[in-house]
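> Fold the stuff below for me.
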Amino acid sequence: MSAQTTSFLDWFAARLKTAGLERAFGVPGGGTSLDLMAGLRNQGIDTVITAREDAAMIMAGVSGVLAQAPGLAFSTKGPGLASASNGLASAALDRMPALLISETFGEEELQFLSHQVLDQNALVDPILEKAGAERLACDQAAVENWLRPPMTSPSVMFPAASDLHNPVPASSPVSGEPPLADLGLSLTAGLLSQSSNPVVVVGLEAAQTSIAPSLRALVNKLGAPVLCTYMAKGCVADDDPHYAGIFTGGTIEQACMKAADLIILVGLDPVELIRKPWAYDAPVLDLCEQAHDPHYLQPAARLEGPLAETLTKVAAIAAKSDWRISDIEKLKFGFLSGMAEGGEADLSSAAVVKATAKAFDGQPRLCVDAGAHMFSACAFWPAAAPRDVLISNGLATMGFALPAAIAAALHEPDRGAIAMTGDGGLMMCLGELKTAAQTGANITVLVFNDARLSLIDIKREDRQMPDMGLSWTPPDFAVIARGFGFDAWRVDTAAGFDDALQEAATGSGPRLIDIRIDASGYRDQMRALRG
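Predicted coordinates for the structure are as follows:
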């Protein structure tokens, strides 16, 4: 290589380092993934060997989201790529900037080989399509294009050994940020002037620290109630007087939404909403970074462009609404009361979340798995900033919370993370206890152990169907976790939980509490939330 050229691998590793990559996650094969690891090491980028490839993609995606930088995962070809596919789907539908680099087969091999051979392009392309993304070529321009903000989609690269070692220019032009869209504000001004009771609904596009000040300025100018989706929790703090609760597209937010004469969507990605039609007649102003199709509604006006600048322009023409803070407080009280339905037991999910928030003083980042426990976790955990709570609410995959917590704790070790997961979700990623122990991650895993797939079993009961084996003998996760080197407790009383919680809150390294949860309130919670 000359002074003006370098290998694609060396350029690539250095470029990702410059873009903010600190570590990569994966399970290597014996080919190009080892070359990749060596190239990353030369740039001071750590590699974390995970138990499974899907978890590696989740960790990479969460790392990218938190750093507002690229995330990187790697795998072998064939079975490794297939294993990574659920993590890739999570990155696609949860809008996470994770690049998966997988080994591949040479053209000569494919003349005779069928062992482990899949059509790798056909496996990943439909998933990437859901995020409006494509595979990356081993090409500087393609990489630069993927790195352009806003980074909200994954990609996949299949490099051959020759691709990694190809000579390329030692530097490449970095693409500038996309220009701000020319905002047509006349329709927006008309909608705002005709509204006295707007409601603001905040979605995942707004879940960036750089957007939060502009959002809060608009909310303060309007004096209107704010509902946040699960993934936007914290964009307006839970203790902000304008915060009125969670928005899912379900039932519990209807008292607030039906009082609106204008609904202002701020970064609402329809991928987060549940499977129910839009229920409201008020006109909608959609402020978004990207228009999505299909959508639940046709807005009266849409402003598409970088949200921080859009929000600033809208705030400049907004006026104080007729809402009173006391009215918003009543809406919030109604939301929290509904979410507390059926939560009177000492070891209900609501009681566990509230006690944990108090013991940890709300400091760690919370990572929530899919399952019935997520209702309480997202309702009662206090969030003050975007991404204080991490959840998969696009794909809504189980097995998310533990990998996400590991990535979050590695990103911000002093803060650490709490994973709230059901027993079913934890069993899907149990091997990542090894990864937590290996990295010494500052995490506490709370297992809501009710020995069944609660949400599915509730739906079975509602359909008056016979038992279908959706429950099992509860595993002792504390014993399992100790085998990996965790500090761990198994509790089945409120007093035992409080003792374990105090020890965990003052501990360090990986910890786990196996809670024999009282699941009797899940049905009432689900009905209050979704109808």
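
> For the stretch 351-500 of the chain, which segments count as strands?
In the stretch 351-500 of the chain, the strands defined using DSSP state E, counting those that start in this stretch lie at 365-368, 389-391, 417-422, 443-449, 487-491.

> average pLDDT for the third one?
So the one you mean is strand 417-422. Over the span of strand 417-422, the pLDDT mean works out to 98.

> Likewise for the fourth one?
Predicted confidence along strand 443-449 averages 98 (mean pLDDT).

> Same check on stretch 488-498?
The average pLDDT within stretch 488-498 is 98.

> Run through who's touching that stretch.
Defining contact as C-beta atoms under 8 Å, 6 or more residues apart in numbering, one finds that stretch 488-498 is touched by 346-347, 351-352, 355, 476-479, 481-482, 499-500, 503-504, 511-516. C-beta: built from backbone N, CA, C; applies to glycine.

> Pull the residues that contact the helix or strand Lys221 falls within.
Assigned by DSSP states H and E, Lys221 belongs to helix 212-222. Helix 212-222 is contacted by residues 198, 200, 202, 206, 226, 235-236, 240, 242, 264, 266, 307-309, 311-312, 314-315, 318-321, 323, 385-386 when judged by C-beta under 8 Å, 6+ apart.

> Quick check: next helix or strand after that helix?
strand 226-228.

> Next, the contact list for the closest residue to Lys17 other than its chain neighbours, please.
Leaving aside its chain neighbours, Lys17 sits nearest to Gln43 (4.5 Å; criterion: C-beta to C-beta, 6 or more residues apart in numbering). Applying C-beta under 8 Å, 6+ apart to Gln43 gives the contacts 13-14, 16-17.

> Check the spacing between the residue lying closest to Ala318 once chain neighbours are set aside and Ile211 real quick.
Of all residues beyond its chain neighbours, the one nearest Ala318 is Lys221 (4.8 Å), with distances taken as C-beta to C-beta, 6+ apart. For Lys221, the distance to Ile211 equals 16 Å [C-beta to C-beta, to the nearest Å].

> Repeat that for Gly250.
In terms of C-beta to C-beta, Gly250 sits 25 Å off from Ile211.

> per-residue pLDDT, the residue nearest to Lys17?
pLDDT at Gln43 comes out at 98.

> And Trp146, by the same measure?
At Trp146, pLDDT is 97.

> which residues touch it?
If you count contacts by C-beta under 8 Å, 6+ apart, Trp146 has them with 70, 99, 136, 155.

> Go through the contacts of helix 212-222 and flag which are in strands.
Assigned to strands by DSSP state E, the following of the contacts of helix 212-222 qualify: 198, 200, 202, 226, 264, 266.

> Serialize those to CSV and add fields for neighbour count.
Supplementary listing: the ones in strands among the contacts of helix 212-222 in CSV, determined by neighbours: other C-beta atoms under 10 Å:
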residue, neighbour count
Pro198, 23
Val200, 27
Val202, 30
Val226, 29
Ile264, 28
Val266, 28
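
> which two from those end up farthest apart in space?
Greatest spatial distance in those: Pro198 and Val202, 12.9 Å, computed using C-beta to C-beta.

> Could you check how far the residue lying closest to Leu147 once chain neighbours are set aside is from Glu144?
Excluding the flanking residues, the one nearest Leu147 by C-beta to C-beta, 6+ apart is Ala19, at 5.5 Å. Distance, Ala19 to Glu144, using C-beta to C-beta: 10 Å.

> With Ser102 instead?
Taking C-beta to C-beta, one finds Ser102 at 21 Å from Glu144.

> ditto for Gly305
Applying C-beta to C-beta to Gly305 and Glu144 gives a distance of 21 Å.

> Settle it for me: which of Ser102 and Glu144 has more neighbours?
Comparing Ser102 with Glu144 by other C-beta atoms under 10 Å, the one with more neighbours is Ser102, at 27 against 15.
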